[in-house]
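Visitor: model the structure of this input:
(chains A and B)
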2 protein chains.
Amino acid sequence: MRAVDIIRKKRDGHTLSGDEIKYLVNGYCQETIPDYQVSSFLMSVYYQGLSPIETADLTRAMIDSGSTLDFSQFDGVKVDKHSTGGVGDKVSLVAAPVVASLGGFVPMMSGRGLGHTGGTLDKLESIPGFTVQLQRSDMDRIMDGCGYIMMGQTEDMVPADKRMYALRDVTATVESISLITASILSKKFAEGTEGLVMDLKCGTGAFMKNIEQSRSLGNSLLQTGRELGLDVRIVVTDMNRPLGTRIGNLNEVLEALEALQGYMVDDFKEVTLEITANMLVQAGIVPTVSDGIVAAEKSLQDGSAFKAFCRNVELQGGDLTYTDVSKIKKELAKTEHETIIVAKQKGWISGLDAYKTGQAAMLLGAGRATVTDTIDYLCGIEVLGGFGTTVEKGEPVLKLTYNRDDNLEMAVTLCNDAIQVSDSPIKVGSSILETID
Amino acid sequence: MRAVDIIRKKRDGHTLSGDEIKYLVNGYCQETIPDYQVSSFLMSVYYQGLSPIETADLTRAMIDSGSTLDFSQFDGVKVDKHSTGGVGDKVSLVAAPVVASLGGFVPMMSGRGLGHTGGTLDKLESIPGFTVQLQRSDMDRIMDGCGYIMMGQTEDMVPADKRMYALRDVTATVESISLITASILSKKFAEGTEGLVMDLKCGTGAFMKNIEQSRSLGNSLLQTGRELGLDVRIVVTDMNRPLGTRIGNLNEVLEALEALQGYMVDDFKEVTLEITANMLVQAGIVPTVSDGIVAAEKSLQDGSAFKAFCRNVELQGGDLTYTDVSKIKKELAKTEHETIIVAKQKGWISGLDAYKTGQAAMLLGAGRATVTDTIDYLCGIEVLGGFGTTVEKGEPVLKLTYNRDDNLEMAVTLCNDAIQVSDSPIKVGSSILETID
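Guide: Predicted coordinates:
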């Protein structure tokens, strides 16, 4: 077998065998196949795509490139959720404790924020002491103690994905449905989950800008999951505006905490319940999504989910005083500066661009422009005037709180640009754009 | 400027600026842009192609990556020909001395054989002492002495093409019309020629298997040449069967020598005269191709071309006794073995597959399977029964002469497979399939 023949075969639109895909991935990991052959292969995949069977073979080869986790000692179907990345998306912080509180097991491996999107690990680390880099023995202890684990990817897991993603990033081959599918599924299924609910963000603040792109990624994930014998469910949600009312790390923990105590704004609630309910169905805890929604709401209202959250914070080393809303509010009040962005005209708020607000939050220190940037956990943006509500000219719409102001001008411009006010009332549609199954 | 943005731009089918192309080529040569970015760029070019302007920019950047030759001290338009590679193609050995004998200047930079195709440099080196690796001062002396130079590419010429070709070879990006165009034209125009006649071989033994492929390459070469302000003429010739009657290095020198003394079989004659006549028009020696054919035939008949050939052999250090047909025949007779391939049935020879005979000659030692293989100059294949002629069952069609017989069985099988005999007479068409201008 020769790498060049495999590249040519894919280049010409033929279907690769599992052995050919395995040969390529293994060779790449063992450095017998050089970067320059893999990058031209990736570009040919960009154009020709991979079938669900090929994508499953690629996913499997990537999983097999490193170590995997196994939580089979915990009795029940392990489930997880994954979002393709958005602005203000703190669903994971709520979904995991809800599922765990209802008897499910969630081994959740998450990522960090980059660019305008945040990352679950960063949000959790805004709780002092919270540790996401865990040893194997810690994982079992945490799962046993609270039913879910919030963890970062360990060094030895899916190394093929790590290397391939870095290569894709510099060779303009990130935007391939097949490669995105294999990258997501390999990371998720290496962590030992059996069910996966995908929250496909769609809109200006998402990787997928329109519903067609979301549908093709959704179908690819679904079909590839099927080939792998894994239960994948797809929920496409709106990311034209930030989810909920807060952007920024500790700010989002605050909104999640309020949710765990029963209070959530509509869009955040709708998305969280839909995702959580699907996880509960996958875990075999409820028979239908509607049952799942009822069960999840109950867990949020009666404090069971909050209890699981607190137990998790404790088990992962976090400062328990940060499970108190007033404590977090006091911490957040320590930011040095505040800037209010107001409506330029009277009317109905018809746009709160997710990309622009996400980018602004990043510029204030809530995110990273490059992977080596450090994060200011306290800074963030609060949405004061909700989407679809009325505003007067000069009425506050966004509140920016921050410590560093070196990029303030740009952040303010972005926030001003993000706000659209309409002369006539607008219809606020559902945040669940589609479910694919 | 970032390489990844240039790759993405081409990936998405946009047109690159001259600066972007130059940035990429220069960065690659200076090793600030790594192989893996260039290979994914090349794959995107494979799919999206380059416009004639982009191809011209790429060609220019590749020429500028190294040193160039300049023969402007010789008064007249410098012309050259280039073939895309075939079997039994000894046209260069005849065309150059004909043009030179009529007052033209030909700075001919050629290549070596690989796979089933032969190379002009190897053929010339079958004349003991003949040197193709020349110093700059030698070149001027040789051009001055006989009007043409037969040379190999020097180390410092078009290094971008050398590196890029090696990369294309292992990343399945050889078969791109735009990249082939830039590769050919950069090498040719770096040698200081102003006119170029392209012999686009078309058929089983050629890189281009059908007329459509030849046309697209022809048009690309023509349009890119125009963008570069260079005179390119395109002749598409048949390479479904070997050209002439002899394959193998010294064997082909013998056939060229016979041609220079006025004797050529039809197909070889037709192609050589067409190519040569076009070169003569480009050089401004004759006004039309028909005039060029008359002039070329005269030069072959009256011994002027032969005289130029002998002078060139002498100037490039070759053994002058090898300009004697009987001497070469005596040398060729020294091969240890001979195998005759006969017709399997009575009829008309309707096929002599160029790829298979070329492959067989290579296996006997006339060519290289890989670049490091050494060549046996004496071995070869002679076509005894010409295309379209009648044969009896058992009548000799091909004569194989060779010293090494380790691959004999495969070579014999290929030769047997190469021969097709028809029950009815076949029409022998022109070897000139098309001229493009």
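
Visitor: for A:Val412, give its distance to chain B.
Guide: A:Val412 sits 28 Å away from chain B, going by CB to the nearest CB, to the nearest Å. No exception for glycine: its C-beta is placed from N, CA and C like everyone else's.

Visitor: also A:Gly244?
Guide: From A:Gly244 to chain B the distance is 33 Å (CB to the nearest CB).

Visitor: so which bits of the stretch 101-250 of chain A are right by chain B?
Guide: Within the stretch 101-250 of chain A, the residues that sit near chain B (CB under 8 Å from any CB of the partner chain) are A:Leu167, A:Asp169, A:Val170, A:Thr171, A:Ala172, A:Thr173.

Visitor: try 7 Å this time
Guide: Selection of the stretch 101-250 of chain A residues close to chain B by CB under 7 Å from any CB of the partner chain yields A:Leu167, A:Val170, A:Thr171, A:Ala172, A:Thr173.

Visitor: tell me the secondary structure of the fourth one, please.
Guide: This means A:Ala172. Three-state assignment for A:Ala172 (DSSP: H, G, I helix; E, B strand; the rest coil): coil.

Visitor: that one against B:Arg2, yeah?
Guide: No. With contacts counted by CB atoms under 7 Å, A:Ala172 stays clear of B:Arg2, the gap being 10.1 Å.

Visitor: hmm, back to that, and the residues of the stretch 101-250 of chain A next to chain B, which two are furthest apart?
Guide: Longest distance between any two of those is 10.7 Å, between A:Leu167 and A:Ala172; criterion CB to CB.

Visitor: more crowded one of these two?
Guide: Applying other CB atoms under 10 Å in any protein chain shown to A:Leu167 and A:Ala172 shows that A:Ala172 carries more neighbours, namely 26 against 20.

Visitor: so what's the more buried one up against?
Guide: Counting by CB atoms under 7 Å, 6 or more residues apart in numbering or on different chains, A:Ala172 makes contact with B:Val4, B:Ile7, B:Arg8, B:Arg11, B:Ser40.

Visitor: want to throw those into a markdown table with pLDDT?
Guide: Shown next, in a markdown table, are these (pLDDT from 0 to 100):
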| residue | pLDDT |
| --- | --- |
| B:Val4 | 95 |
| B:Ile7 | 97 |
| B:Arg8 | 96 |
| B:Arg11 | 97 |
| B:Ser40 | 97 |
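
Visitor: and those near chain A, which?
Guide: Residues of the contacts of A:Ala172 in contact with chain A (CB under 7 Å from any CB): B:Val4, B:Ile7, B:Arg8, B:Arg11, B:Ser40.

Visitor: quick one: which helix or strand includes the last one?
Guide: When secondary structure is defined by DSSP states H and E, B:Ser40 falls within helix B:35-48.

Visitor: which parts of stretch A:337-345 are buried?
Guide: By neighbour count on 16 or more other CB atoms under 10 Å in any protein chain shown, the buried set for stretch A:337-345 is A:Thr339, A:Ile341, A:Val342, A:Ala343.

Visitor: now that stretch, how far from the chain's geometric center?
Guide: Centroid displacement of stretch A:337-345 relative to its chain, using CA atoms, centre = their mean, to the nearest Å, is 29 Å.

Visitor: restrict it to CA atoms and write it as PDB.
Guide: The C-alpha coordinates for stretch A:337-345 follow below in PDB (Å, rounded to 0.1, in the frame of the first residue of the first chain):
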ATOM      1  CA  HIS A 337     -14.800  49.000  34.300                       C
ATOM      2  CA  GLU A 338     -18.300  49.000  32.900                       C
ATOM      3  CA  THR A 339     -19.600  50.300  29.600                       C
ATOM      4  CA  ILE A 340     -23.200  50.400  28.600                       C
ATOM      5  CA  ILE A 341     -24.300  50.000  25.000                       C
ATOM      6  CA  VAL A 342     -27.600  51.700  24.300                       C
ATOM      7  CA  ALA A 343     -30.200  51.400  21.500                       C
ATOM      8  CA  LYS A 344     -29.700  54.000  18.800                       C
ATOM      9  CA  GLN A 345     -33.400  54.200  18.100                       C
END
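
Visitor: other residues contacting that stretch?
Guide: Among residues not part of stretch A:337-345, those counted as contacts by CB under 7 Å, 6+ apart are A:385, A:391-403, A:405, A:412, A:415-416, A:419, A:421.

Visitor: kindly give a single PyMOL line that selects the buried subset of those residues.
Guide: A single PyMOL command selects the buried members of the contacts of stretch A:337-345 (16+ other CB under 10 Å):
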select buried, chain A and resi 385+391+395+397+398+399+400+401+402+405+412+415+419+421
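
Visitor: strands - which of the contacts of stretch A:337-345 land there?
Guide: Secondary structure from DSSP state E places A:Val391, A:Pro396, A:Val397, A:Leu398, A:Lys399, A:Leu400, A:Thr401, A:Tyr402, A:Ile419, A:Val421 of the contacts of stretch A:337-345 in strands.

Visitor: farthest-separated two in those?
Guide: Within the ones in strands among the contacts of stretch A:337-345, A:Tyr402 and A:Val421 form the most distant pair, 24.4 Å apart (CB to CB).

Visitor: where does the stretch 101-250 of chain A have low pLDDT?
Guide: For the stretch 101-250 of chain A, applying pLDDT under 70 flags no range at all.

Visitor: can you give me the strands for it?
Guide: For the stretch 101-250 of chain A, the strands defined by DSSP state E, counting those that start in this stretch cover A:106-110, A:148-152, A:195-202, A:231-238, A:246-247.

Visitor: would you pull up the residue in the stretch 301-437 of chain A closest to chain B?
Guide: Using CB to the nearest CB, the single residue of the stretch 301-437 of chain A nearest to chain B is A:Thr370, 13.4 Å away.

Visitor: and that residue, which of the three is it?
Guide: coil.

Visitor: run a quick neighbour tally on it.
Guide: Around A:Thr370 there are 7 residues (other CB under 10 Å).

Visitor: deepest-packed of the strands of the stretch 101-250 of chain A, please.
Guide: Comparing the strands of the stretch 101-250 of chain A by mean neighbour count (mean count of other CB atoms under 10 Å in any protein chain shown), strand A:246-247 comes out on top with a mean of 29.

Visitor: contacting residues around it?
Guide: Contacts with strand A:246-247, where a contact means CB under 7 Å, 6+ apart, come from A:Val87, A:Gly88, A:Glu252, A:Leu254, A:Glu255, A:Thr357, A:Gly358, A:Ala361, A:Ala366, A:Gly380, A:Ile381, A:Glu382.

Visitor: save those as a markdown table, and put in secondary structure and pLDDT too.
Guide: Below are the contacts of strand A:246-247 laid out as a markdown table (DSSP: H, G, I helix; E, B strand; the rest coil; pLDDT from 0 to 100):
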| residue | secondary structure | pLDDT |
| --- | --- | --- |
| A:Val87 | coil | 96 |
| A:Gly88 | coil | 97 |
| A:Glu252 | helix | 98 |
| A:Leu254 | helix | 98 |
| A:Glu255 | helix | 98 |
| A:Thr357 | helix | 97 |
| A:Gly358 | helix | 96 |
| A:Ala361 | helix | 96 |
| A:Ala366 | helix | 94 |
| A:Gly380 | strand | 97 |
| A:Ile381 | strand | 98 |
| A:Glu382 | strand | 98 |
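
Visitor: specify which member of the residues you listed is nearest to B:Ser67.
Guide: Of all the contacts of strand A:246-247, B:Ser67 sits closest to A:Gly358, with 51.7 Å by CB to CB.

Visitor: now that closest one: how far from A:Phe387?
Guide: 15 Å (CB to CB, to the nearest Å).

Visitor: more neighbours, those two?
Guide: Set side by side, A:Gly358 and A:Phe387 show more neighbours around A:Gly358, with 31 against 21, by other CB under 10 Å.
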